[in-house]
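> I would like to see how this sequence folds:
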Amino acid sequence: MNTVTITGNLTREPEIRYTKEGQATAQLGVAVNRRWQDRSTQEWQEATSFFDVICWRELAENVALSLSKGMRVVVTGRIEQRSWENEEGEHRSKVEITADEIGPSLRFATADVQRTQRQSGEAETQEVGTF
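Below you'll find the model as predicted:
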């Protein structure tokens, strides 16, 4: 099973785009900070990991409408690696998280959740958080 959950702060505004077929996709960056005390020196240590996150369809649109740079979020999804060749013919690869769920972290904030109708006309609804 390939599932990952991270909690961190958005490093940039979510960037939404649409495919030729009209599917929404949003890209965002999340910084995850870790702090621990070194047992041998008793000094505090810090490390930050940066993750690129991509989401699709209604989730992408809701993320673009609801979240902004600096917000603390919880992301659940799967790790995927993609490869390509750049204009100079060099092989490149990238590991990113494809999100299944994204929401605001309520550790240091509150959220007002509003329901929106799905565009497909189904009876299901999806929750959108606003601050």
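
> From here on, just use CA atoms for contacts and neighbour counts.
Noted.

> quick one: pLDDT of the closest residue to Q37 other than its chain neighbours?
Nearest residue to Q37, sequence neighbours excluded (Cα to Cα, 6 or more residues apart in numbering): W44, at 4.3 Å. W44 carries a pLDDT value of 92.

> Then the one 3 residues further on?
What the model reports for A47 is a pLDDT of 94.

> quick one: it and R35 touch, right?
Yes. Counting by Cα atoms under 8 Å, A47 does reach R35; the two are 6.6 Å apart.

> What strand or helix carries K20?
For K20, there is no enclosing helix or strand under DSSP states H and E.

> Count the neighbours of it for me.
7 (other Cα atoms under 10 Å).

> Also W84?
Counted with other Cα under 10 Å, residues neighbouring W84 total 11.

> Could you give the separation of the host helix or strand of it from the chain centroid?
Here W84, judged by DSSP H and E, is contained in strand 72-85. Averaged C-alpha coordinates place strand 72-85 at 8 Å from its chain's average position (Cα atoms, centre = their mean, to the nearest Å).
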